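Novice: Can you look at this prediction? I've put the sequence above it.
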Amino acid sequence: MSAWRQALVDHDMAVTLIESGAWLTIAGDEMALSRLPRGRWIGGTIPYFMGQEGGQTSRTELFVTVLDQFAGHEPHVALHDVDSLSRICVEAPDNGFSLLILPAFSAVHSAYAQHAPAYEDMYLKPVVGWVAGVHLDDMGQRRAKVVDGTTGRLYEDQAVVLHVPLPDSLVADVRIVNLFQQGAGPTIRFDQDGFDVADCLIDGVRTPLASYLHERGHDTRLPLVADCNGAAVNVSFRWVDPQRGRVAFYGPVFSGVDYRLAQPFAGRYDEAFAQAGADLPEAQFSCNCILNYLYGELEGRRTGEAIGPMTFGEVAYQLLNQTMVQLTLSLR
């Protein structure tokens, strides 16, 4: 059953969909988003997509997801700063889902990454979404933004969320496709939570992480992986600087968690994603990581039937990296 329609479209088609009065989520470059009329939509900046014809980079096209099943009352938009972010699940419908977009490298991005697992009602109500970004050529020059389409305003310091109630006959399921598993190497632990570190404990021995990675020639396309109750959770490397003795990540590491470097997988990225997602039901929402797009050289290639924005982070309840996240609707 397909409750949503998704596609990479041109500006005119996006305008037509907005003017139809449908509830939408839209991903696109900032200039493309800023040209859209007000309406019942939320959005975030990103120019990278897995479209109908494969991976594509575009500053003019937009990826649009149409929501056409909800019950009782309509979806509603909320904005959250750092102080109110923890209320996302409290405000969510009892039966439905919440679609969240966070601007990359903002205070709300950091707060959600580090604290979402402890938010009230988290994991009791489905939350999916993604981290908005910018074209890699614009890094350091432009900032990621989210859009409240009902007002047309863009924000670089707030998160936008669309709460979608569902009829009692439907249930939303959040699914994660992760190509990585823990390797057989030593256990890596950290003293504190954060996005960048100096030292760590490697099999209990305090070690400068940057030097350790450099000396063993680690391929930083392979993330750290934690085993969280049987689920593999990646923490992707942003940069490693042995001279400064620092390592930065795209998501936070947490103290008290056992990490290992990922085991390489065999074959091509696009084939691996297609195989991993082959048995999943048709998704109503899907997003994939920009690192998978880059490292897997997915430009012009398909990842099975899954399409959606290629993002600076994925949300499946908590913040994830180097994964594909999908939301499906099914009958109870």
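Specialist: All right, it came through fine.
Novice: what about the closest residue to residue 86 other than its chain neighbours, neighbour count?
Specialist: For residue 86, ignoring the flanking residues on the chain, the nearest one in space by Cβ to Cβ, 6 or more residues apart in numbering is residue 119 at 4.7 Å. Bear in mind the C-beta positions are built from the backbone N, C-alpha and C, glycine included. Look at residue 119: counted by other Cβ atoms under 10 Å, it has 18 neighbours.
Novice: quick one: buried residues of stretch 142-158?
Specialist: 143, 144, 145, 146, 147, 148, 149, 154, 155, 156, 158 (16 or more other Cβ atoms under 10 Å).
Novice: quick revisit: so the residue nearest to residue 86 makes contact with residue 80?
Specialist: No - taking contacts as Cβ atoms under 8 Å, residue 119 lies outside contact range of residue 80: 10.9 Å.
Novice: where do the contact lists of those two overlap?
Specialist: Residues touching both residue 119 and residue 80 by Cβ atoms under 8 Å, 6 or more residues apart in numbering: 87, 88.
Novice: Which residue is most remote from the mean position of the protein?
Specialist: Residue farthest from the centre of the chain, counting by Cα atoms, centre = their mean, is residue 205 at 33.3 Å.
Novice: Show me the shaky parts of the stretch 101-250 of the chain.
Specialist: Within the stretch 101-250 of the chain, not a single segment meets pLDDT under 70.
Novice: make it 80
Specialist: Regions of the stretch 101-250 of the chain meeting the criterion pLDDT under 80 cover residues 229-230.
Novice: returning to what we had before: next up, the contacts around the residue nearest to residue 86.
Specialist: So residue 119 contacts 85, 86, 87, 88, 89 (Cβ under 8 Å, 6+ apart).
Novice: I'd say the first one and residue 107 touch.
Specialist: No - in this structure, residue 85 sits apart from residue 107 without contact. The criterion is Cβ under 8 Å, and the distance is 9.4 Å.
Novice: hmm, back to that, from residue 318, how far off is the residue nearest to residue 86?
Specialist: From residue 119 across to residue 318, the span is 9 Å (Cβ to Cβ, to the nearest Å).
Novice: Can I get the buried residues of stretch 142-158 in a markdown table including secondary structure and distance to residue 223?
Specialist: Below are those laid out as a markdown table (DSSP: H, G, I helix; E, B strand; the rest coil; distance: Cβ to Cβ, whole Å):
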| residue | secondary structure | distance to residue 223 |
| --- | --- | --- |
| 143 | coil | 25 |
| 144 | coil | 21 |
| 145 | coil | 26 |
| 146 | strand | 25 |
| 147 | strand | 30 |
| 148 | strand | 32 |
| 149 | coil | 33 |
| 154 | strand | 31 |
| 155 | strand | 29 |
| 156 | coil | 26 |
| 158 | coil | 28 |
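Novice: Run through the strands of the stretch 201-332 of the chain in chain order.
Specialist: Remark: strands assigned in the stretch 201-332 of the chain by DSSP state E, counting those that start in this stretch are 205-208, 224-228, 231-235, 237-241, 246-253, 259-261, 285-289, 308-311, 314-316, 318-320, 324-331.
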